[in-house]
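Student: fold the stuff below for me.
(one chain, ligands or ions: 1)
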Amino acid sequence: MKLFIYQHCPFCVKAAMIFGLKNVAVEKVVLLEDDIATPTQMVGRKVVPILQKADGSFMPESMDIVRYIDQLDGKPHLSGTTNPEIAAWLDSVKNLVSALIIPRFAQAPFAEIATESARERYIARMTNWVGDLDQLLADTPLYLQQLQPHLETLATLIQSESAANGTMSEDDIHLFPTLRSLTIVKDLAWPEKVRAYVETMAQQSKVELLHTMAI
Ligand SMILES: N[C@@H](CCC(=O)N[C@@H](CS)C(=O)NCC(=O)O)C(=O)O
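Tutor: Next comes the predicted model:
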């Protein structure tokens, strides 16, 4: 199987996680941000992640990919129940997280923006979505200050460093990618419980964190 991704993309991290968690082999292929033809030929639109299954057919949508791979061997890994407070927490931080991560993603050495035209397209697409990226970067102290109490709240929600609710569930598939994105923020003060969760989940799912490119 092949998984077509962008390295920065949280939806792609969701899909990549299930392969790591279940030790299922997959070839990861990074598309360029300005490669519109390849994904469009596969699924009719420019989107990642896309899974190319063993039979050659294509599947978009991160959670469809997660559920397909999780159930392939009849022994689902994501057997735990979800906690609505995790979804509510993710919703409460989504704008703050975007403000912190997007200007950093735009400068980072990701393969999908390795060419000038791909990076330019990403910057234009993101500026159109969240506003001036330099201004967001300059306002980092403000966003970090606003995020800190939310991280302390998350520390009270995480029950175990190896599964947010004690047993691995779809909450981990939604929560880890957001926290992994935040590892690109250099000055973020991680509560110990949240830091342990991010690191353990990265090991379990074999998804690299972004500390080495932190800005
Ligand atoms: N519902 C989709 C959303 C995927 C998505 O929004 N992917 C982004 C990359 S992070 C994308 O492909 N955006 C369109 C673009 O790159 O132009 C999923 O869960 O897989």
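Student: quick one: what helix or strand has Leu51 in it?
Tutor: Element membership of Leu51 [criterion: DSSP states H and E] is strand 50-52.
Student: quick check: residues of the chain near the ligand?
Tutor: Within the chain, the positions adjacent to the ligand are Tyr6, Cys9, Phe11, Lys46, Val47, Val48, Pro49, Glu61, Ser62 by CB under 6 Å from any ligand atom. In short, each C-beta sits where N, CA and C put it, glycine included.
Student: about what we covered before: how far away from the center of its chain is the strand holding Leu51?
Tutor: Centre-to-centre, strand 50-52 and its host chain are 17 Å apart (CA atoms, centre = their mean, to the nearest Å).
Student: can I get the residues of the chain next to the ligand in CSV including neighbour count, pLDDT and secondary structure?
Tutor: Listed next are the residues of the chain next to the ligand as CSV, based on neighbours: other CB atoms under 10 Å; pLDDT from 0 to 100; DSSP: H, G, I helix; E, B strand; the rest coil:
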residue, neighbour count, pLDDT, secondary structure
Tyr6, 22, 98, coil
Cys9, 21, 98, coil
Phe11, 18, 98, helix
Lys46, 14, 98, coil
Val47, 17, 98, coil
Val48, 24, 98, coil
Pro49, 25, 99, coil
Glu61, 17, 98, coil
Ser62, 26, 99, helix
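Student: circling back to that earlier point, which neighbouring elements make contact with the strand holding Leu51?
Tutor: Applying 3 or more CB pairs under 8 Å, 6 or more residues apart in numbering; DSSP states H and E, we find strand 50-52 packed against strand 2-5, helix 37-43, strand 58-60, helix 62-71.
Student: pull up the pairing partners for it, direction included.
Tutor: Here strand 50-52 has these sheet partners by DSSP bridges: strand 2-5 (antiparallel), strand 58-60 (antiparallel).
Student: most tightly packed of those strands?
Tutor: Comparing the strands paired with strand 50-52 on average neighbours per residue, with mean count of other CB atoms under 10 Å, the densest one is strand 2-5 at a mean of 21.
Student: hey, C-alpha coordinates of that one in CSV?
Tutor: Presented in CSV, the C-alpha positions along strand 2-5 are these (Å, rounded to 0.1, in the frame of the first residue of the first chain):
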residue,chain,number,x,y,z
LYS,A,2,1.0,3.6,-0.5
LEU,A,3,0.0,6.6,1.6
PHE,A,4,0.1,10.0,-0.2
ILE,A,5,0.7,12.8,2.3
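Student: assign Gly166 to helix, strand or coil.
Tutor: For Gly166, the assignment made with DSSP: H, G, I helix; E, B strand; the rest coil gives coil.
Student: does it really touch Gln159, like I thought?
Tutor: Yes: at 4.4 Å, Gly166 and Gln159 qualify as touching, with contact defined as CB atoms under 8 Å.
Student: which SS class is Ser79?
Tutor: Using three-state DSSP, the structure places Ser79 in coil.
Student: hmm, I was thinking of Val198
Tutor: The assignment at Val198 comes out as helix when based on three-state DSSP.
Student: go on, the one 4 residues further on?
Tutor: The three-state label for Ala202, taken from three-state DSSP, comes out as helix.
Student: that one: how many residues sit nearby?
Tutor: Neighbour count of Ala202, defined by other CB atoms under 10 Å: 21.
Student: great, nothing more from me.
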